[in-house]
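K.L.:
Dropping a prediction and its sequence here:
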Number of protein chains: 2
Amino acid sequence: MSRLVKRNSPVAIAANDEDTPLYRRVVDVIRGEIASGHFKVGARLPTEDGLCQRFGVSRHTVREALRALRAEGLVESRQGAGTTVLRRDAASLYTYSVASIEELLQYATRVRYQVSRSGIVIADDRMAERLGCQKGDRWLRVEGFRYADGERLPVCWTEVFIRAEYAGIGMMIGRRTGTIYSWIEEMYGVRVETVEQQIRCEPMPAVAARGLKAKPGSTAVGMHRYYRLGDGTLIEVATNIHAADRFNYTVKLDRR
Amino acid sequence: MSRLVKRNSPVAIAANDEDTPLYRRVVDVIRGEIASGHFKVGARLPTEDGLCQRFGVSRHTVREALRALRAEGLVESRQGAGTTVLRRDAASLYTYSVASIEELLQYATRVRYQVSRSGIVIADDRMAERLGCQKGDRWLRVEGFRYADGERLPVCWTEVFIRAEYAGIGMMIGRRTGTIYSWIEEMYGVRVETVEQQIRCEPMPAVAARGLKAKPGSTAVGMHRYYRLGDGTLIEVATNIHAADRFNYTVKLDRR
DNA sequence: TGATCTTGGTTGTCCGGACAAATATTTGTT
DNA sequence: AACAAATATTTGTCCGGACAACCAAGATCA
């Protein structure tokens, strides 16, 4: 039996035991076949039982593999109906995805913030206008790049302003994963009530251009977020500048 | 034996069979105990074996529950070392919500759609790949520009594909206000279950460039939306191309 | 004391099986 | 041909067991 199974498999699983777990290898094979077009977008994957026979593994292993593929947003399973291919390529780490909690968490945990400069600044006219604050207000300014796990190029250049009252979280940046505003909430016992997010195109700033390997002044994508407390006071403003060719923002909406 | 187990459990699992799966109920109990401070942040959760005995379930069920808690970012497991509590509640991380789909997808109510071309097309290879459908499937394709109220320049160039079964709404486009997907829902009695939206940069297509007063091939912003029914079938794909210098996407998130 | 080794405990991987729940398909009926 | 019922298919849940990989802490040795 096992002989037949091996023979039928279009792509046999690497028998030479690497250290990678079985289900991982199954993931890699299926992912490759989706990418190559062997399993087309919209088409149905073989059933779990079919995959078991093909790879000669237990159903648990196949399900573990499918779970991983689902978490990547590549496929979707529905009880009774099977598993269908959603995308051809996994969203790379350059994509900012809100498609699912898992993907969002993946982004939040696998992206690191590397600070290149930080310090207290005092708002001048231009900045007061931009942040909607009084001239003379003091803010902690943190500048740096965000790096995805294995990637060579940074995901984006980042400039964050944090109202000086909450500057105590400054030392956490770059050392912990997670979001800045949640640290502020934790440390100071406040609650961010609204977040406003803007996405628009703007010229690539010189400071960002070097690291992002982009031409200064070329069109870049800016993502701006404004964090406010319940009384409307702005406590954090974050600006992310992305290289235009590596920007991808995905939102998936489930109506229920 | 089972009697002892039940007795030892600080919070017994609801025996009155709800429809919720076992592992879900385990998740709810543990999440509640983390939130209440019974398991403090930084402390170690009981071992999987311990949880098995306490809840009287198999290790598989416990692991499924822990996996869910990990996905929520509440706990973290390390092989050989156990599971520790990371946060007191995940609420602070991800529970921001948009007011409505309309806002998230930025449907402006006062925007006029001026159709410049429309007709049934048959999917070739490239299109089947893009829409994730069978080669030969028939779609209604509508192309045109969107104009804001009094503005001279169009907001964006738009290309919409609608599965031919629902092409009956074709004549409404440009004549009525509202959204295409809601017309389909109304007219055919179906329900759009998921909407996926992608924003990325791409070269300005020649057809769009003229009307948008932009250079062909210059970087433009593409907004792609995929509308799916509950069973996963794609029924509408909309592409909006914006001139980079006039694009602005704003979302306001409120905490519930 | 300090470093290495051993040992026990804990999570990760993998197998087998069984039934439930949801969906798809076929069959039967009108 | 159209609708309803029965059947088959497929994923979800849950159980049992076994071993591997990893970690922490105690034991041993220099």
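P.N.:
Okay, I see it.

K.L.:
Output the contacting helices and strands for the helix or strand where A:Arg141 lies.
P.N.:
If you go by DSSP states H and E, A:Arg141 is part of strand A:138-148. Counting contacts by 3 or more C-beta pairs under 8 Å, 6 or more residues apart in numbering or on different chains; DSSP states H and E, strand A:138-148 packs against strand A:111-122, strand A:156-163, helix A:206-212. C-beta: built from backbone N, CA, C; applies to glycine.

K.L.:
In CSV: the ones you listed, plus distance to DNA strand D, mean neighbour count and mean pLDDT.
P.N.:
CSV is the format used below for these (distance: least, C-beta to the nearest atom of the strand, whole Å; neighbours: other C-beta atoms under 10 Å in any protein chain shown; pLDDT from 0 to 100):
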stretch, distance to DNA strand D, mean neighbour count, mean pLDDT
strand A:111-122, 20, 14, 90
strand A:156-163, 31, 23, 95
helix A:206-212, 32, 17, 96
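
K.L.:
picking up where we left off before, residues in contact with the strand holding A:Arg141: which ones?
P.N.:
The contact list for strand A:138-148 (C-beta atoms under 8 Å, 6 or more residues apart in numbering or on different chains) reads A:93-94, A:110-123, A:127, A:131, A:133, A:154-164, A:166-167, A:170, A:173-174, A:207, A:211-212, A:240.

K.L.:
Likewise for stretch A:111-121?
P.N.:
For stretch A:111-121, the external contacting residues (C-beta under 8 Å, 6+ apart) are A:93, A:127, A:138-149, A:154-155, A:158, A:161, A:164, A:167, A:170, A:173-174, A:177.

K.L.:
just stretch A:44-52 next, same as before
P.N.:
A:26, A:30, A:39, A:54, A:58-59, A:61-63, A:65-66, A:75, A:82-85.

K.L.:
Counting neighbours, which of the residues you listed end up buried?
P.N.:
Buried subset of these (neighbour count, 16 or more other C-beta atoms under 10 Å in any protein chain shown): A:Val26, A:Ile30, A:Phe39, A:Arg54, A:Thr61, A:Val62, A:Ala65, A:Leu66, A:Val75, A:Thr83, A:Thr84, A:Val85.

K.L.:
and which of those residues is nearest to DNA strand D?
P.N.:
Among the buried ones among the contacts of stretch A:44-52, A:Thr83 lies closest to DNA strand D (C-beta to the nearest atom of the strand), at 4.5 Å.

K.L.:
ok, now which ones touch that closest one?
P.N.:
Contacts of A:Thr83 by C-beta under 8 Å, 6+ apart are A:Arg44, A:Leu45, A:Thr47, A:Glu48, A:Leu66, A:Val75, A:Glu76, A:Ser77.

K.L.:
Under a three-state scheme, what state does the residue of chain A found nearest chain B occupy?
P.N.:
Nearest residue of chain A to chain B, counting by C-beta to the nearest C-beta: A:Gly42, 3.4 Å away. Assigned with DSSP: H, G, I helix; E, B strand; the rest coil, A:Gly42 falls in the coil class.

K.L.:
what about it, neighbour count?
P.N.:
Look at A:Gly42: counted by other C-beta atoms under 10 Å in any protein chain shown, it has 18 neighbours.

K.L.:
if I read this right, it contacts B:Gly132, doesn't it?
P.N.:
Yes - with contacts counted by C-beta atoms under 8 Å, A:Gly42 reaches B:Gly132, the gap being 3.4 Å.

K.L.:
intersection of neighbour lists for these two?
P.N.:
In contact with both A:Gly42 and B:Gly132: A:Val85, B:Leu234, using C-beta under 8 Å, 6+ apart.

K.L.:
that older thread, in ChimeraX, select just the buried ones from the contacts of stretch A:111-121.
P.N.:
Listed next is the ChimeraX selection for buried residues among the contacts of stretch A:111-121, using 16+ other C-beta under 10 Å:
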select /A:93,127,139,140,141,142,143,144,145,146,147,148,154,155,158,161,167,170,173
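
K.L.:
which outside residues touch stretch A:208-222?
P.N.:
Residues contacting stretch A:208-222 (C-beta under 8 Å, 6+ apart): A:145, A:153-154, A:156-157, A:198-206, A:239-244, A:247, B:201, B:218-219, B:221, B:244.

K.L.:
so how far is the first residue of it from its last?
P.N.:
End-to-end span of stretch A:208-222 (C-alpha to C-alpha, to the nearest Å): 11 Å.

K.L.:
Repeat that for stretch A:167-184.
P.N.:
The first and final residues of stretch A:167-184 sit 9 Å from each other (C-alpha to C-alpha).

K.L.:
Show me what the mean pLDDT comes to for it.
P.N.:
Averaging pLDDT along stretch A:167-184 yields 82.

K.L.:
Show me which residues of the stretch 1-150 of chain A sit near DNA strand D.
P.N.:
Within the stretch 1-150 of chain A, the residues that sit near DNA strand D (C-beta under 7 Å from any atom of the strand) are A:19, A:45, A:47-49, A:60, A:63, A:66, A:77-83.

K.L.:
can you pull out the strands in chain A?
P.N.:
A:75-78, A:82-85, A:95-98, A:111-122, A:138-148, A:156-163, A:192-203, A:219-229, A:234-243, A:248-254 (DSSP state E).

K.L.:
Spell out which parts of the stretch 151-256 of chain A neighbour chain B.
P.N.:
A:178-179, A:182, A:185-186, A:191-201, A:218-219, A:221, A:244-245, A:247-255 (C-beta under 8 Å from any C-beta of the partner chain).

K.L.:
And A:Ala214, its phi and psi?
P.N.:
Backbone geometry at A:Ala214, expressed as degrees, to the nearest 10, gives phi -130, psi 160.

K.L.:
Measure how buried the residue of the stretch 51-200 of chain A found nearest DNA strand C is and give me the count.
P.N.:
Closest residue of the stretch 51-200 of chain A to DNA strand C, C-beta to the nearest atom of the strand: A:Gly80 (2.4 Å). Neighbours of A:Gly80 under the rule other C-beta under 10 Å: 5.

K.L.:
Need the phi and psi values for it.
P.N.:
Torsion angles, degrees, to the nearest 10, at A:Gly80: phi 90, psi -20.

K.L.:
Residues of chain A that sit close to DNA strand C?
P.N.:
A:21-24, A:56-61, A:64, A:78-81.

K.L.:
Sort out which of those residues are buried, if you could.
P.N.:
For the residues of chain A next to DNA strand C, buried by 16+ other C-beta under 10 Å: A:Leu22, A:Tyr23, A:Gly56, A:Val57, A:Thr61, A:Glu64.

K.L.:
Distance to B:Ala71 and pLDDT for those - can I get that in CSV?
P.N.:
Shown next, in CSV, are those (distance: C-beta to C-beta, whole Å; pLDDT from 0 to 100):
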residue, distance to B:Ala71, pLDDT
A:Leu22, 22, 96
A:Tyr23, 17, 97
A:Gly56, 29, 97
A:Val57, 24, 98
A:Thr61, 20, 98
A:Glu64, 14, 98
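
K.L.:
Out of those residues, which sit inside helices?
P.N.:
A:Leu22, A:Tyr23, A:Thr61, A:Glu64 (DSSP state H).

K.L.:
Would you check how far apart the second one and DNA strand D are?
P.N.:
Applying C-beta to the nearest atom of the strand, to the nearest Å, the value for A:Tyr23 to DNA strand D is 13 Å.

K.L.:
I figured that residue hits A:Leu69, correct?
P.N.:
No - assessed by C-beta under 8 Å, A:Tyr23 is found out of contact with A:Leu69, at 10.4 Å.

K.L.:
Between the contacts of stretch A:44-52, which sits nearest A:Arg228?
P.N.:
A:Val75 (38.6 Å; C-beta to C-beta).
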